[in-house]
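[1] Any chance you could fold what I've pasted below:
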Amino acid sequence: MAETSVKTNENPTTGPTARRLRGHKAITTSCIASRDRPGLIASSDEDGCVCWFDMRCKDLLYTMDVSQNPISSLCFKTGNEDIVYVSSETEVKVFDVHMLASWKPLDSFNYNKDEINQITCNSKSSFLAAADDGGDIKIIDISQKCLYKTLRAAHESICSSVQFLPWRPWEVITGGLDSKLIMWDFSKGRPFKVMDLGKSEPDSSSSAGQCFNPAFVHAIAVPEADMLDKTDKICVVARGDGVVDVINIESEFRAAKSKGSSNPKKGGQSKSNGSVPSPKSEKEDQNQRTRLRLDYSSGGHTAAVSCVAFSVFGEKGRYIISGGNDKAVKVNWLCSTPTDSDNLVVCDTSKVVKVAGFMGRLQKIS
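    Numbers count the residues shown, from 1 in each chain. This next block holds a predicted model:
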């Protein structure tokens, strides 16, 4: 697994500058790229508009006036990209791409009480999750068009990101500005593993040039279902202190399970088969739970990381792509496309969406 950051101050010899997609009249906030229709890109802005682009054309396809408020997140319905979900303020709207010219939503969900930061659909297209500023996560039953469960009382502040785990149908993972990464069983509505990334990490040393912001979780990413035969079952975390964490989710599950089962019952006696773990097995178990830390010392970010994503071009999931606030453009969101060129899409603090190519290295973005 490799990681690369979105560079905006590269030497011009690294390649041609990025393509610019124009159509927004306000700062761009989010973007998604179709996998079924390579080259089709949707992006949103702070004016409540969604612009649709076809990379095979130079012109904007069409613009949707979705809301009078900023749009925070976009996502396709997994397995059916004719359906797209758009969040603005506390509402999620549902659109059919064949009816975009009318701008009329098929449905809308108004279950969140605070502003939504991210929405995502699970791999079976049965649930939609919406994480908000109050720290709550609403799990919406798509087919029944109703609220299934509310996940709350675990995040102490803003819940910034949420992802379903495609290999575990009833688990979801969330990150927040309380520096916590939380794994939930959303069928029961409660967390079973809480990781506080703000605590000191004795196995790592600070590097010169690394920023000293809190380890807020700005974004998380997990591999999609069709990447799992190539990648480990991991979660990638974009942190406010400039670190990108790669966490082995299954190791964390095993650790949480063994911790719960190792506590002897009151009045009872723990059972033992008489065997003593060897130093080698203990070391192997420790290594399995070790998290990979990508920071300044490995050529990474020197300021807050705002977004992370897995590559969908070439060998899907081979690369982790991260964007941060340490370059000339501040990155709001990024995604990749399945095309051989023009396969990295970046929304930043400008009105223009940038598209670059990844050929083992990134072209210049700015």
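[2] what's the burial count for Lys259?
    Lys259 has 10 neighbours, counted by other C-beta atoms under 10 Å. Every residue, glycine included, has its C-beta placed from N, CA and C.
[3] One more: Asp133?
    Other residues lying near Asp133 total 19 when counted by other C-beta under 10 Å.
[4] From what I see, it and Asp114 are in contact.
    Yes. At 4.0 Å, Asp133 counts as touching Asp114 under the criterion of C-beta atoms under 8 Å.
[5] Helices of the protein, start to end?
    249-262, 279-288 (DSSP state H).
[6] Determine which of those shows the lowest mean per-residue pLDDT.
    Within the helices of the chain, the stretch with the lowest mean pLDDT is helix 279-288, showing a mean of 42.
[7] Report pLDDT for the closest residue in space to Ile321 that isn't next to it in sequence.
    Excluding its sequence neighbours, the residue lying closest to Ile321 (C-beta to C-beta, 6 or more residues apart in numbering) is Ala309, at 5.1 Å. The per-residue pLDDT reported for Ala309 equals 96.
[8] State the mean pLDDT of stretch 75-93.
    Stretch 75-93 comes out at a mean pLDDT of 96.
[9] for it, the distance to its chain's centre please.
    Relative to the centre of its chain, stretch 75-93 is centred 15 Å away, using C-alpha atoms, centre = their mean, to the nearest Å.
[10] same thing with stretch 43-60?
    Computed by C-alpha atoms, centre = their mean, the separation of stretch 43-60 from the middle of its chain amounts to 21 Å.
[11] Now do the buried residues in that stretch.
    Under the neighbour-count criterion of 16 or more other C-beta atoms under 10 Å, stretch 43-60 has 43-55 buried.
[12] One more: stretch 127-145?
    For stretch 127-145, a neighbour-count test (16+ other C-beta under 10 Å) marks 127-140, 142 as buried.
[13] Over to stretch 217-228?
    Buried positions in stretch 217-228, judged by neighbour count with 16+ other C-beta under 10 Å: Val217, His218, Ala219, Ile220, Ala221, Val222, Pro223, Glu224, Met227.
[14] returning to what we had before: what residues are up against the residue nearest to Ile321?
    Ala221, Ile320, Ile321, Ser322, Leu334, Cys335, Ser336 (C-beta atoms under 8 Å, 6 or more residues apart in numbering).
[15] Span of stretch 101-120 from start to end?
    End-to-end distance of stretch 101-120 (C-alpha to C-alpha, to the nearest Å): 24 Å.
[16] tell me the mean pLDDT for it?
    Mean per-residue pLDDT for stretch 101-120: 94.
[17] ok, back up a step: would you turn the contacts of Ala309 into a markdown table with pLDDT and distance to Trp167?
    Shown next, in a markdown table, are the contacts of Ala309 (pLDDT from 0 to 100; distance: C-beta to C-beta, whole Å):
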| residue | pLDDT | distance to Trp167 |
| --- | --- | --- |
| Ala221 | 97 | 15 |
| Ile320 | 93 | 18 |
| Ile321 | 93 | 22 |
| Ser322 | 93 | 23 |
| Leu334 | 95 | 24 |
| Cys335 | 95 | 22 |
| Ser336 | 94 | 21 |
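[18] hmm, which helix or strand of this protein has the shakiest average pLDDT?
    Scoring the helices and strands of the chain by mean pLDDT, DSSP states H and E places helix 279-288 at the bottom, with a mean of 42.
[19] And the buried residues of stretch 127-145, which is closest to Ser87?
    Nearest to Ser87 out of the buried residues of stretch 127-145 is Ala130 (C-beta to C-beta; 6.4 Å).
[20] Could you check how far that closest one is from Lys77?
    14 Å (C-beta to C-beta, to the nearest Å).
[21] Repeat that for Ile247.
    Ile247 sits 27 Å away from Lys77, going by C-beta to C-beta.
[22] Which one's more surrounded, those two?
    When Ile247 and Lys77 are compared for neighbours, Ile247 comes out ahead with 22 against 15, by other C-beta under 10 Å.
[23] Can you read off the pLDDT for the more buried one?
    95.
[24] Surely it and Val308 touch.
    No. Here Ile247 does not reach Val308: they are 11.9 Å apart, not a contact under C-beta under 8 Å.
[25] Mutual contacts of those two, please.
    Counting by C-beta under 8 Å, 6+ apart, the contacts common to Ile247 and Val308 are Val236, Val237.
[26] got the contact list for the residue nearest to Arg56 when sequence neighbours are not counted?
    Excluding its sequence neighbours, the residue lying closest to Arg56 (C-beta to C-beta, 6+ apart) is Gly39, at 5.2 Å. By C-beta under 8 Å, 6+ apart, the residues touching Gly39 are Asp54, Met55, Arg56, Thr337, Thr339, Asp342.
[27] circling back to that earlier point, for the buried residues of stretch 217-228, which one is nearest Cys347?
    Among those, and counting by C-beta to C-beta, the member closest to Cys347 is Ala219, at 12.6 Å.
[28] give me the beta-bridge partners of the closest one?
    Applying DSSP bridges to Ala219 gives these bridge partners: Ala238.
[29] Isn't it up against Cys307?
    Yes. Taking contacts as C-beta under 8 Å, Ala219 lies within contact range of Cys307: 4.8 Å.
[30] Switch the contacts of Ala309 over to a markdown table; also include distance to Leu60.
    What follows is the contacts of Ala309, written out as a markdown table (distance: C-beta to C-beta, whole Å):
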| residue | distance to Leu60 |
| --- | --- |
| Ala221 | 28 |
| Ile320 | 30 |
| Ile321 | 25 |
| Ser322 | 28 |
| Leu334 | 20 |
| Cys335 | 18 |
| Ser336 | 21 |
